[in-house]
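*Asks:* Below is the sequence, then the predicted model.
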Amino acid sequence: MAPQIKLYLNPPQNNQFYSNHDRISGNVSLHISKPVSIKQINVRFKGFIETATKIDPIVMRNQAALMAPVQDNKTIHTLINVNQKVFPPENVLSAIEGDLKPFQLKKGVHEYEFQLPKLPRKPKCLSNHTKGLTTYLDKDHIRLPPSFNNNWKDMLRFDNLDLFFYSFGKVLYMVEVQIELGKPKSWYRPFEKILREVQIVEFIPQAKDLTFKLNDKPSKVILDSLKDPNEEREEKPSSKLKTEKITVPTKAPLVDVMTQTPNVRVYRSTYRIGLPDDNSVMWLEARSSNLRRTFRGDALFASGSGKFDNIFIVMMGDKELIDRLRVVPTRIQLNLLETVTYLSQGIANQNVSSLRLAEDKIPLEKRGTVLKNAWGRYIQFSAMNPNQSKWECELRLKNHPNLKKLKFNEEDYKHRGNRLYSFKSCSIKRIFSFQLLVDWDIVGFKRQSEIIVDPIQIFADRGSSFQEESLPLYVPPPSYTESTQR
């Protein structure tokens with residue numbers, strides 16, 4: 001009977017996943033039922049990226065391709081491969097001359113401790129990248145990527161094609177014990193017999209090593225493209241009311257920098273909402289200083305969070321209409337959109353999914369705490385027509401009793417087996433964006449505003465400002481001695 005191998009790993013410092021500062025260590029237990037000849041025992045830490053992509057024959061745009069099977073492309077990148085020999089001991093190896101000969105181990109349990117070398121920061125495959133190779137790497141900040149799709153085998157189900165195609169990319173790290181038995185070579189057994197035991201581990205680098213450049217390139221001007229609402233409105237007939245307008249895309253950039261405070265970015269709603277007079281429009285803006293990077297446990301709507309704590313409703317058009325119009329928010333929903341892209345031999349496949357972070361209806365009695373016309377102000381008047389104006393009012397979601405308590409990924413949720421974090425690697429890119437939806441009641445008509453916050457980066461660990469709530473240090477009570485006074 002072959003020896004039985006058991007691999008025991010010491011837990012990481014955070015008891016959840018290994019990171020850059022961890023030294024992977026543990027012990028190997030070898031159960032031998034009868035004496036066996038062993039040449040050497042090695043412990044390896046290996047990591048690789050594997051992606052598979054497909055080409056749709058219809059995309060190839062020729063009739064002959066429609067009869068051809070779907071083409072598969074597969075790519076593997078080696079990230080790391082470090083090794084430690086645990087048997088025979090180092091002092092024995094240094095005393096041996098010539099080829100290593102096998103050792104006879106007696107029956108019983110043999111245990112060997114190991115501690116792997118410190119992990120490198122950059123992937124090993126960089127030296128094999130040819131000139132012109134297409135990758136998703138940020139050239140100024142190349143680091144080891146985190147684990148991804150460790151449970152890919154559980155997704156190989158044809159009854160769920162979303163999971164099936166999601167499993168086509170993976171970043172795997174593993175600790176492998178390799179035992180080389182010392183059987184004699186012969187013509188019918190030319191190779192040494194190798195026994196292996198593999199354990200997949202979860203590796204997530206520190207936030208500073210996962211950070212990549214966010215290419216939002218905001219413009220410097222906010223209001224130039226919003227001067228005349230008539231320039232971008234398209235007439236679309238309504239089945240309900242002649243004066244009703246279907247929402248139309250905004251002409252302004254969706255991400256901007258406030259000229260007064262350059263650190264604040266303005267994220268505008270994807271569409272404007274036409275108001276009943278056929279000339280006025282309304283949209284939503286999120287003015288944030290801290291949305292581009294979000295850590296686990298960050299407050300999302302609380303005052304001072306710098307995320308969704310400064311939401312403004314903006315109207316532009318007839319002043320008399322704005323004065324008398326009542327716009328009522330009825331429902332709030334915040335989603336996290338995930339986009340995962342796999343790359344292989346120049347062909348990329350994309351997977352898109354959505355996570356609902358929060359959804360809450362605003363009851364009638366609470367709507368006054370979120371939006372009041374009295375909070376609004378006129379910030380711009382038309383020089384050509386004094387009745388044309390621009391008005392804004394804060395939508396105070398930070399006053400909502402449930403939203404103000406919401407923290408990002410407080411429960412450390414795993415989506416399709418993976419923690420929530422953004423990363424870019426040689427052939428896998430996982431990015432996220434926030435989607436804020438606000439439902440409105442505008443004089444009896446139902447409308448919806450959507451803000452897409454993109455690009456952003458999210459992290460699985462907590463931010464540096466986070467402090468665990470801990471019990472106060474134990475202070476021993478004072479000691480007393482009995483004494484008598486005379």
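*Replies:* Right, received. Where do you want to start? Residues are numbered from 1 along each chain as shown.

*Asks:* Distance check, the closest residue to S353 other than its chain neighbours against L161.
*Replies:* Leaving aside its sequence neighbours, S353 sits nearest to E338 (CB to CB, 6 or more residues apart in numbering; 4.9 Å). Where C-beta positions appear, they are placed from N, C-alpha and C, glycine not excepted. Distance, E338 to L161, by CB to CB, to the nearest Å: 17 Å.

*Asks:* Tell me which of these two has more neighbours.
*Replies:* Set E338 next to L161 and count neighbours by other CB atoms under 10 Å: E338 wins out with 21 against 9.

*Asks:* Show me what the helix or strand encompassing the more buried one is packed up against.
*Replies:* Per DSSP states H and E, E338 falls inside strand 327-344. Under the contact criterion of 3 or more CB pairs under 8 Å, 6 or more residues apart in numbering; DSSP states H and E, strand 327-344 touches strand 36-55, strand 71-87, strand 347-361, helix 367-370, strand 428-442.

*Asks:* Select from the ones you listed the stretch with the lowest mean pLDDT.
*Replies:* Mean pLDDT across these is lowest at helix 367-370; the value there is a mean of 76.

*Asks:* returning to what we had before: just how off-centre is the strand holding E338 within its chain?
*Replies:* Counting by CA atoms, centre = their mean, to the nearest Å, strand 327-344 is centred 13 Å from the centre of its parent chain.

*Asks:* Shouldn't M384 be within a strand?
*Replies:* No: according to DSSP: H, G, I helix; E, B strand; the rest coil, M384 belongs to no strand; its state is coil.

*Asks:* ok, now which ones touch Y413?
*Replies:* By CB atoms under 8 Å, 6 or more residues apart in numbering, Y413 lies in contact with 355, 419-420.

*Asks:* that older thread, buried ones in the strand holding E338, by neighbour count?
*Replies:* 327, 329-330, 332-338, 340-344 (16 or more other CB atoms under 10 Å).

*Asks:* just stretch 139-147 next, same as before
*Replies:* Within stretch 139-147, the residues that count as buried by 16+ other CB under 10 Å are 142-147.

*Asks:* Go through those and say which is closest to A460.
*Replies:* Nearest to A460 among these: P146, at 7.7 Å, using CB to CB.

*Asks:* what sits against N83?
*Replies:* 42-45.

*Asks:* Can I get those in JSON lines including neighbour count and distance to L275?
*Replies:* Below are those laid out as JSON lines (neighbours: other CB atoms under 10 Å; distance: CB to CB, whole Å):
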{"residue": "N42", "neighbour count": "16", "distance to L275": "72"}
{"residue": "V43", "neighbour count": "26", "distance to L275": "69"}
{"residue": "R44", "neighbour count": "17", "distance to L275": "66"}
{"residue": "F45", "neighbour count": "21", "distance to L275": "62"}
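
*Asks:* Hmm, S269 and I451 touching each other?
*Replies:* Yes: applying CB atoms under 8 Å, one finds I451 in contact with S269, separated by 5.1 Å.

*Asks:* Quick one: neighbours of V109, just the number.
*Replies:* By other CB under 10 Å, 10 other residues sit near V109.

*Asks:* residues in contact with the nearest residue to N387 once chain neighbours are set aside?
*Replies:* Sequence neighbours aside, K319 is the residue nearest to N387 in space, at 5.2 Å (criterion: CB to CB, 6+ apart). Residues in contact with K319, defined by CB under 8 Å, 6+ apart, are 378, 387-389, 391.

*Asks:* please redo it, this time with the cut-off set to 10 Å
*Replies:* Going by CB atoms under 10 Å, 6 or more residues apart in numbering, K319 touches 280, 378, 381-382, 385-391.

*Asks:* What of F45?
*Replies:* Contacts of F45 (CB under 10 Å, 6+ apart): 18, 24, 80-84, 114, 116-117, 119, 173-176, 201, 203.

*Asks:* how close does it sit to L116?
*Replies:* The value you get for F45 to L116, if CB to CB is used, is 5 Å.

*Asks:* Likewise for F434?
*Replies:* Separation of F434 from L116 (CB to CB): 38 Å.

*Asks:* between these two, which one's more packed in?
*Replies:* Comparing F434 with L116 by neighbour count (other CB under 10 Å), the higher total belongs to F434, at 24 against 17.

*Asks:* What pLDDT is listed against the residue lying closest to the more buried one once chain neighbours are set aside?
*Replies:* Once flanking residues are discounted, F434 sits nearest to V453: 3.9 Å by CB to CB, 6+ apart. pLDDT for V453: 94.

*Asks:* Next, the angle from the strand or helix carrying V453 to strand 428-442.
*Replies:* Per DSSP H and E: V453 is located in strand 445-462. Relative orientation of strand 445-462 versus strand 428-442 (axes from the mean of the first three to the mean of the last three CA atoms, to 10 degrees): 150 degrees.

*Asks:* what comes up buried for strand 445-462?
*Replies:* For strand 445-462, the neighbour count (16+ other CB under 10 Å) marks 447-449, 451-454, 456-462 as buried.

*Asks:* got it, and stretch 2-19?
*Replies:* Quick answer for stretch 2-19 (16+ other CB under 10 Å): 3, 5, 7, 12, 17-19.

*Asks:* Now the terminal residues of that stretch, how far apart.
*Replies:* With CA to CA, to the nearest Å applied, stretch 2-19 spans 35 Å between its terminal residues.

*Asks:* what does the average pLDDT come to for it?
*Replies:* For stretch 2-19, mean pLDDT rounds to 92.

*Asks:* can you give me the helices in the chain?
*Replies:* Under the criterion DSSP state H, the chain contains helices at 90-95, 161-166, 207-210, 319-324, 367-370.

*Asks:* Any chance of the backbone angles for P102?
*Replies:* Phi and psi for P102, reported as degrees, to the nearest 10, are phi -70, psi 160.

*Asks:* Give me the number of neighbouring residues for it.
*Replies:* By other CB under 10 Å, the residues close to P102 number 17.

*Asks:* cool, and S288?
*Replies:* 22.

*Asks:* Then V443?
*Replies:* When neighbours are defined as other CB under 10 Å, V443 has 14 of them.

*Asks:* Surely it touches V327?
*Replies:* Yes: V443 lies in contact with V327 (CB atoms under 10 Å); the separation is 8.6 Å.

*Asks:* K107 is nearest to which of the helices and strands packed on strand 327-344?
*Replies:* Closest to K107 of those, according to CB to CB: strand 36-55, at 8.6 Å.

*Asks:* Report the buried residues of that closest one.
*Replies:* Buried residues in strand 36-55 (16+ other CB under 10 Å): 36, 38-53, 55.

*Asks:* how about low-confidence regions in this structure?
*Replies:* 1, 56-71, 91, 93-99, 183-192, 216-262, 464-486 (pLDDT under 70).

*Asks:* let's see it at 50
*Replies:* Applying pLDDT under 50 to the chain flags the ranges 66, 218-246, 248, 251-252, 259, 465-474, 483-486.

*Asks:* Show me how it divides into domains.
*Replies:* Taking automatic domain parsing as the reference, the chain has its domains at 4-206, 224-462.

*Asks:* How far away from the center of its chain is the longest one?
*Replies:* The reference is to domain 224-462. Using CA atoms, centre = their mean, the offset of domain 224-462 from its chain centre is 20 Å.

*Asks:* coming back round to it: hang on, the residue nearest to F434 packs against L337?
*Replies:* Yes: counting by CB under 10 Å, L337 is a contact partner of V453 at 9.5 Å.

*Asks:* list residues touching both of these two?
*Replies:* Counting by CB under 10 Å, 6+ apart, the common neighbours of V453 and L337 are 432-435.

*Asks:* May I ask which two of those are separated the most?
*Replies:* Using CB to CB, the shared contacts of V453 and L337 span at most 10.1 Å, a distance reached by F432 and Q435.
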